[in-house]
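J.: let's see this in three dimensions:
(4 chains)
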There are 2 protein chains.
Amino acid sequence: MNPTIKDVAKKANVSIATVSRILNEQKGYSAKTKERVLEAIKELGYQPNAVARGLINKRTQTIGILFPDVSSMFSSNILKGIEEVAHNRGHSIVVCHTGESGNRMMKYLQLLNEKRVDGIIFTSAVITEEYYKTLKEMKIPVVLVATQSYRFPLPYVKVDDKHAAYSAVSYLIEKGHREIGMISGDMADEIAGRPRVEGYKQALEDHGISFDEKKIVSTPGFSFENGSGMLPKLLKQKKDITAVFAASDELAVSAMSDAFEMGIHVPEELSIIGYDNLKIAEMAIPPLTTLAQPLYEMGKLSAELLLDMLVTGNTVESRIIPHHIIERKTVKKVN
Amino acid sequence: MNPTIKDVAKKANVSIATVSRILNEQKGYSAKTKERVLEAIKELGYQPNAVARGLINKRTQTIGILFPDVSSMFSSNILKGIEEVAHNRGHSIVVCHTGESGNRMMKYLQLLNEKRVDGIIFTSAVITEEYYKTLKEMKIPVVLVATQSYRFPLPYVKVDDKHAAYSAVSYLIEKGHREIGMISGDMADEIAGRPRVEGYKQALEDHGISFDEKKIVSTPGFSFENGSGMLPKLLKQKKDITAVFAASDELAVSAMSDAFEMGIHVPEELSIIGYDNLKIAEMAIPPLTTLAQPLYEMGKLSAELLLDMLVTGNTVESRIIPHHIIERKTVKKVN
DNA sequence: ATCACTTTAGAAAACGTTTACGTTACTTAA
DNA sequence: TTAAGTAACGTAAACGTTTTCTAAAGTGAT
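T.: Presented below is the predicted three-dimensional model:
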């Protein structure tokens, strides 16, 4: 078995209280005893039992993270950011894959409660009444990242989707495009769907371009698969389009693939701008111009906020993260 | 505070032992008391404290996972597989990002030990003497995934890299190619580097094609960035190459980007085959033919094995996972 | 030498469970 | 009825820490 604090106490001829004090850098011991104890610790290869600590301290130094899909490039960047600061500040993270539909959500929430995690980070999914209720009962800090809740007062870290979409479309307009289509993702999605089309519409309007239902095509989700066949559909609805704004990089790449199949050259014949700035954006051929959400930084910040709430006990302000456009090679200037 | 087992015992007028028995579905109570207790549990919203359980049971129902880079598409697929089975079998996972160079490895190993995880899964990194020693001291099951150790007897789950590379190159040869180049990744890497070039050489040899140093170019790693500029270099060394085998999908896509820049059409003028079958392989333009490692399944299997070791207490056999080629559009038949 | 502090240290309770052991009450067979 | 066996439950120890409380020993100052 692993040596316990008792073993080192015995070996160093002190009480366990003293060992504990030394371990926690409190005071109440002389320099010599400290040395003796440290020696005993080293000799035994003693490592404190975090479980026992957790029991008495009511702190597990662990935070739970919920992702609809752990394996997406989107999630994994956020994850990396969270991991980075959490571990730097002495916390581990347990990750839960809730599934796109969130069907495993409640099960995981319970699990995290039983494990007595110190806080929870919630990614890109909408908070239902039920989730909120159990979150509330757990009485631990929660922060949302890449999502927000209109109904419940939970701090979040995200970009302003409407504004970001507005920027992307304005960029296209500045490049001389007037006939701009959109591949929108799920328009019923209140977080990533509707706001982006609103931004699109607003940009059009503010630049004196009239909106046309036919210039927009929506998909059930934001993945590459979801985007397949959408460009042809869009182009059939409205053939004079010169540029398209895709609501995600995966949708954009999907459109690029379709364009390739159709013999349409990007950007010579059609400009495309994406949204997210995932790794595939750089890797696309040609490299995809896109609206960057700084996912890694958002992950870091959300963890910072959560840990701040943990130490201060206070709640914290939400953060709107600045977005920006990464110019690569899929948007051409026209006149 | 959260209600404890004592609270429910009091409320149901039984001892905590009885509550515990009911909770754990042991026997030693009547149907009526069970009902009373269950009611009390519901009313109080009681949820057992997993850390107290962990202390007494010496089992935390948690496993630790070490990744060089959590955010890579490679890791995240494995992660998803592990998560899936671990949670289905009642375990949570804590993920650790050790950094490419493994500099945080020892810190994390200690952490996982202090947290008393029940087992560890180790991904794509080589096991040093030091790692092995501390792993050994922890006395918990370990399984390697997408890597293996020549020096230490640790069970692993991976494809046979040499054989897989052999298959990929043979495929190219079957398609009529004779002048086949390779972008190899790090040739000093004993796991993912050298075996793949050995497979490449062997395939050439077995098909009566002589090997030429100039047909191979190596990179410090397997990422997109690492691959940049490698195709031009390769083509300068040996201009008559008609096909290239890239040691990873990212390297392959990198080559495709370079080819695009150089005005070389894939696959008409140059065939490319990748390795891994990441999401980008489907998303590439044109879609990348590649040698698939079933990462998700490998993740699942590794978790299965680990949990089996946990329940049986026995060690387990390593598994070589079958690989196969996914034919897409980057390899052309020549004659 | 005495007094008043301060520092060093130990004993024991507490955290929320599981479980070995003991006790009581209930069956069943004779 | 009684003895023996079993089912239903309770008591208390244990898991490995932290922390409160208390006691002993040092340290100056007088």
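J.: now the element after the helix or strand in which A:Phe74 is found, going C-ward?
T.: A:Phe74 belongs to helix A:73-88 when assigned by DSSP states H and E. Note on helix A:73-88: by DSSP H and E, the next helix or strand toward the C-terminus is strand A:92-97.
J.: who are the packing partners of that following strand?
T.: Contacts defined by 3 or more Cβ pairs under 8 Å, 6 or more residues apart in numbering or on different chains; DSSP states H and E place strand A:92-97 against strand A:62-67, helix A:73-88, helix A:105-114, helix B:73-88, strand B:92-97. Yep, even glycine has a C-beta here, placed from its N, CA and C like the rest.
J.: quick one: it to helix B:73-88, angle?
T.: Relative orientation of strand A:92-97 and helix B:73-88, computed by axes from the mean of the first three to the mean of the last three Cα atoms, to 10 degrees: 80 degrees.
J.: by contact count, what packs against the helix holding A:Phe74?
T.: strand A:62-67, strand A:92-97, strand A:119-123, helix A:295-312, helix B:73-88, strand B:92-97.
J.: what about stretch A:220-240 and chain B, touching?
T.: Yes: Stretch A:220-240 comes into contact with chain B (Cβ under 8 Å from any Cβ of the partner chain), by way of A:Phe224.
J.: return the residues of the stretch 151-300 of chain A in contact with chain B.
T.: Contact residues, the stretch 151-300 of chain A versus chain B (Cβ under 8 Å from any Cβ): A:224, A:250, A:253-254, A:256-257, A:260, A:279-280, A:282-287, A:296.
J.: can you select the buried ones from those in PyMOL?
T.: In PyMOL syntax, the buried subset of those is picked out as below (16 or more other Cβ atoms under 10 Å in any protein chain shown):
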select buried, chain A and resi 224+250+253+254+256+257+279+280+282+283+284+285+286+287+296
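J.: tell me the one among the residues of the stretch 151-300 of chain A next to chain B nearest to A:Gly199.
T.: Of all these, A:Gly199 sits closest to A:Glu250, with 18.8 Å by Cβ to Cβ.
J.: how close does the closest one get to A:Glu198?
T.: Here A:Glu250 is placed at a distance of 21 Å from A:Glu198 (Cβ to Cβ, to the nearest Å).
J.: same check, this time on A:Phe211
T.: For A:Phe211, the distance to A:Glu198 equals 11 Å [Cβ to Cβ].
J.: tell me the SS of A:Val157?
T.: Following DSSP: H, G, I helix; E, B strand; the rest coil, the label given to A:Val157 is strand.
J.: ranges for the helices of chain A?
T.: Under the criterion DSSP state H, chain A contains helices at A:5-12, A:16-23, A:31-44, A:50-57, A:73-88, A:105-114, A:129-138, A:161-174, A:194-206, A:224-227, A:230-237, A:249-262, A:279-283, A:295-312.
J.: A:Ile325: which of those is closest?
T.: Closest approach to A:Ile325 among the helices of chain A (Cβ to Cβ): helix A:161-174, 5.5 Å.
J.: hang on, isn't A:Val145 packed against A:Leu154?
T.: No: A:Val145 is beyond contact range of A:Leu154, at 10.7 Å (criterion: Cβ atoms under 8 Å).
J.: these two: who's more crowded?
T.: Set A:Val145 next to A:Leu154 and count neighbours by other Cβ atoms under 10 Å in any protein chain shown: A:Val145 wins out with 28 against 20.
J.: what's the closest non-adjacent residue to that one?
T.: Excluding the flanking residues, the one nearest A:Val145 by Cβ to Cβ, 6 or more residues apart in numbering or on different chains is A:Ser302, at 4.0 Å.
J.: number of residues surrounding the one you found?
T.: A:Ser302 has 29 neighbouring residues, counting by other Cβ under 10 Å.
J.: do A:Tyr29 as well
T.: Residues contacting A:Tyr29 under the criterion other Cβ under 10 Å number 17.
J.: for it, grab phi and psi.
T.: phi -160, psi 160 (degrees, to the nearest 10).
J.: from A:Leu38, how far out is it?
T.: Per Cβ to Cβ, A:Tyr29 is found 11 Å from A:Leu38.
J.: stretch A:54-68: which residues count as buried?
T.: Neighbour counts using 16+ other Cβ under 10 Å place A:Gly54, A:Leu55, A:Thr60, A:Gln61, A:Thr62, A:Ile63, A:Gly64, A:Ile65, A:Leu66, A:Phe67, A:Pro68 of stretch A:54-68 among the buried residues.
J.: ok, and of those residues, which contact DNA strand D?
T.: When Cβ under 7 Å from any atom of the strand is applied, the members of the buried residues of stretch A:54-68 adjacent to DNA strand D are A:Leu55.
J.: and the residue nearest the centre of chain A?
T.: In chain A, the residue lying closest to the centroid (Cα atoms, centre = their mean) is A:Ile78, at 4.1 Å.
J.: show me what contacts that one?
T.: Counting by Cβ atoms under 8 Å, 6 or more residues apart in numbering or on different chains, A:Ile78 touches A:Phe67, A:Thr123, A:Val145, A:Ala146, A:Leu295, A:Tyr296, A:Met298, A:Gly299, A:Ser302.
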